[in-house]
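Undergrad: Make a model of this:
(chains A and B)
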Amino acid sequence: GAVVSQHPSRVICKSGTSVKIECRSLDFQATTMFWYRQFPKQSLMLMATSNEGSKATYEQGVEKDKFLINHASLTLSTLTVTSAHPEDSSFYICSARGSSGVSYEQYFGPGTRLTVT
Amino acid sequence: AQKITQTQPGMFVQEKEAVTLDCTYDTSDPSYGLFWYKQPSSGEMIFLIYQGSYDQQNATEGRYSLNFQKARKSANLVISASQLGDSAMYFCAMREEFGNEKLTFGTGTRLTIIP
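TA: Model (predicted):
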């Protein structure tokens, strides 16, 4: 099956700093990537949808200036949490959708656990 | 707007027994897809099974089957012969087929298999 990687798997940063999370599709071209956030013991909430070469579409309530998404190539999307605060501490998961293969499949990365101190 | 409801926050099942995880959904779209994912404690989302709204037969994948009742808007996951490794969070999700393909997730069910 298709593989999606995320880096880093865990990151601890200080309040006020920025942190970048990478999501890569390793063996397929991802025309669309999705970024989700999951708080402890809660469900996944979609933050934004990004298509290669275009601006991301953010869900209602998600600050686009705080959560910068770049989908510069067909295999890489990045999420940058700017001026991080403790309330941004969460589990961030990306998923990718290819342009071929099984029509319904969406492949998830292993997630990144962000802790802001 | 799409909505997924999972009414069982937690379930305990004896090993080797079958278990049914409930999922109901609400959508006004005529065409949609229903998914089940497993999330172990490590956090990764593992795809289990998919059912399209126009599929005539219930989906099956090994020990997983989806009991799709369109009129009731339910898509329950059935796991046969449960194993200790099945202990995890299970999420039901839905996607519009012709929208932006985003997944809407339910709140999940924590399944614990008892030896």
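Undergrad: Residue 113: what's it in contact with?
TA: Since no chain was named, I'll use chain A. By Cβ atoms under 8 Å, 6 or more residues apart in numbering or on different chains, the contact list for A:Arg113 reads A:Ser9, A:Arg10, A:Val11, A:Ser90, A:Phe91, A:Tyr92, B:Gly43. C-beta coordinates here come from the backbone N, C-alpha and C atoms, glycine included.
Undergrad: look at chain B instead
TA: B:Val13, B:Gln14, B:Glu15, B:Ser82, B:Gln83, B:Leu84, B:Gly85, B:Asp86, B:Ser87.
Undergrad: before we move on, the earlier item: among the contacts of A:Arg113, name the buried ones.
TA: A:Val11, A:Ser90, A:Phe91, A:Tyr92, B:Gly43 (16 or more other Cβ atoms under 10 Å in any protein chain shown).
Undergrad: Now do A:Ala30: how many residues are near it, please.
TA: 29 (other Cβ atoms under 10 Å in any protein chain shown).
Undergrad: Around chain A, which positions in chain B sit nearby?
TA: B:33, B:35, B:37, B:42-47, B:50, B:52, B:91, B:95, B:100-108 (Cβ under 8 Å from any Cβ of the partner chain).
Undergrad: ok and the residue in chain A nearest chain B?
TA: At 3.9 Å from chain B, A:Phe108 is the closest residue in chain A, using Cβ to the nearest Cβ.
Undergrad: and the residue lying closest to that residue once chain neighbours are set aside, what does it touch?
TA: Counting by Cβ to Cβ, 6 or more residues apart in numbering or on different chains, A:Phe108 lies nearest to B:Met45, which is 3.9 Å off, once chain neighbours are set aside. B:Met45 sits next to A:Leu44, A:Ile93, A:Ser95, A:Phe108, A:Gly111, B:Tyr37, B:Lys38, B:Gln39, B:Phe91 when contact means Cβ under 8 Å, 6+ apart.
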